[in-house]
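Novice: got a sequence here, can you model it:
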Amino acid sequence: MKHFILFFVLLFTVTLSSQEIYKFTTVTDLETTPVLSQGITGTCWSFSSTSFLESEIIRLTGKNIDLSEMYQVRNTYPLKAENFIMRQGKAQFGEGGLAHDVINSIKKNGLVPEIAFNGLSEGETKYNHAEMVAVLEAMLKTYIDNPGRNLSPKWRAAIEGVLDVYIGKNITNFTFEGKQYTPESFLKMTKIVPTDYINITSFTHAPFYSKFILNIPDNWSNGSFYNVPLNELISTIDNALQNGFTVELDCDVSERAFSSKDGVAVVPENAENTLKALHSIYPEKDITQQYRQQEFENYNTTDDHLMHITGLLHDQNGTKYYKVKNSWGSDESRVANGGYVYFSEAYMRLKTISITVHKDALPKDTAKKLSL
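Specialist: Okay, the predicted model is just below:
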């Protein structure tokens, strides 16, 4: 009888402990710039990548610089339009993109500070690209339909004109902190070297330790990714954060267990606990390489959002979480943790599409296997 009672006491204790409210302890918290809002736009790829580069500038120079997100957006849209036209409409065109689109843009167009190019019209305070995108899509459809049976090269100037009106005309020089710069000289001042940044993913449909083009909708520019086993993807994130490097993240946030309002993202073992797990600790699934691949191939894991990993935390049970900076603002009535979401390791293992890091952030063994 005593053993029977002891069993239920232990069972009750385990049940209570599995429902403890989250208590997080910071382990690593790397310096970054304030949380911003991308507004009514699909430009998370630029906001997150720009935040990542701002942290890189802090790491490289000690300077805290607010970079322009919209400068890279402005210079990327013409390339997306060109790709769409040349492929006769059989390509992705929309607001989405990936981190390497920003890296590619700064290679070609340099960097500028927010104060020099904010992408807002006079009197505007929030970003809203809904009308602009609708106009661009209508124009591109017309060009593809080619009603005049002789597509004029004027379409490029027309696209540029729309972008000039809605985002702003490109700039060639500006003043920052009392000095004159071009976008190219400003990039040099920040010590950002675009070729130092690499994209890494983890899927079994391509060989490990090789590069391949990841076929996801927003990879319209056919960027290449290094492919590593899942454990090495996670160890790369950990190694980066532990050595002062932040990490750019492409991930899936469509799950009900992702909540910016509650500030957590988890993978409950029992689906019945999904909503409860946003507030209290419940057991999570063991995420294997095979299960990750399965969820990717059945479209349960998609590339729908880019964010910025800036730190590590533990809950009261010692479970590891990642501090992930979002771009949905910091209004406390709408988001928790000042605009950050704490990803459990299980969520990171399952829902990460890819990461972008400085090549020096790689663990030595992984860098050697990738010949970097």
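Novice: ok, the nearest residue to V102 once chain neighbours are set aside - contacts?
Specialist: Of all residues not flanking V102 in the chain, S49 sits nearest, at 3.9 Å (CB to CB, 6 or more residues apart in numbering). Every residue, glycine included, has its C-beta placed from N, CA and C. Residues in contact with S49 (CB atoms under 8 Å, 6 or more residues apart in numbering) are Q72, A99, D101, V102, I103, E248, L306, T356.
Novice: 10 Å instead, please
Specialist: 43, 67, 69, 72, 97-103, 105-106, 197, 248, 250, 306, 308, 356 (CB atoms under 10 Å, 6 or more residues apart in numbering).
Novice: N104: what's it in contact with?
Specialist: By CB under 10 Å, 6+ apart, the contact set of N104 is Q72, N75, T76, L79, G97, L98, P194, S221, G223.
Novice: which of those lies closest to K285?
Specialist: Of all the contacts of N104, L98 has the smallest distance to K285: 26.8 Å, by CB to CB.
Novice: and that closest one, how far is that from F24?
Specialist: 29 Å (CB to CB, to the nearest Å).
Novice: tell me which of those two has more neighbours.
Specialist: L98 (27 against 16; other CB atoms under 10 Å).
Novice: measure the more buried one to A240 for me?
Specialist: For L98, the distance to A240 - CB to CB - is 18 Å.
Novice: ranges for the strands of the stretch 1-150 of the chain?
Specialist: 25-29 (DSSP state E, counting those that start in this stretch).
Novice: run through the helices of it in chain order.
Specialist: Taking DSSP state H, counting those that start in this stretch as the test, the helices found in the stretch 1-150 of the chain are 2-17, 44-61, 69-86, 99-109, 130-145.
Novice: of those, which approaches T274 most closely?
Specialist: Nearest of the helices of the stretch 1-150 of the chain (CB to CB): helix 2-17, 17.8 Å.
Novice: what is the neighbour count of the residue nearest to A367 when sequence neighbours are not counted?
Specialist: Distances taken as CB to CB, 6+ apart place K359 nearest to A367, at 7.2 Å, with adjacent residues excluded. Here the number of neighbours of K359 (other CB under 10 Å) works out to 14.
Novice: which ones are touching K359?
Specialist: V193, T195, D196, Y197, I198, F245, A367, L370, L372.
Novice: do that again at 6 Å, thanks
Specialist: D196, I198, L372 (CB atoms under 6 Å, 6 or more residues apart in numbering).
Novice: export those residues to TSV and tack on neighbour count and pLDDT?
Specialist: Shown next, in TSV, are the contacts of K359 (neighbours: other CB atoms under 10 Å; pLDDT from 0 to 100):
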residue	neighbour count	pLDDT
D196	15	98
I198	22	98
L372	11	95
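Novice: could you dump the residues you listed into a markdown table with distance to G148 and secondary structure added?
Specialist: What follows is the contacts of K359, written out as a markdown table (distance: CB to CB, whole Å; DSSP: H, G, I helix; E, B strand; the rest coil):
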| residue | distance to G148 | secondary structure |
| --- | --- | --- |
| D196 | 46 | helix |
| I198 | 44 | strand |
| L372 | 50 | coil |
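Novice: narrow the contacts of S49 to just the buried residues.
Specialist: Neighbour counting by 16 or more other CB atoms under 10 Å classes 43, 67, 69, 72, 97-103, 105-106, 197, 248, 250, 306, 308, 356 among the contacts of S49 as buried.
Novice: flag the shaky bits of the protein, pLDDT-wise.
Specialist: Applying pLDDT under 70 to the chain picks out residues 1-18.
Novice: bridging across strands, which residues link to the most centrally placed residue in the chain?
Specialist: By CA atoms, centre = their mean, the chain has its centre lying nearest to L306, at 2.1 Å. Counting by DSSP bridges, L306 forms beta bridges with D250.
Novice: check whether it really touches S46, as I assumed.
Specialist: No. Assessed by CB atoms under 6 Å, L306 is found out of contact with S46, at 8.6 Å.
Novice: what does the helix or strand that contains E295 contact?
Specialist: E295 belongs to helix 289-297 when assigned by DSSP states H and E. Outside of helix 289-297, the residues within contact range by CB under 6 Å, 6+ apart are T204, L230, T301, L350.
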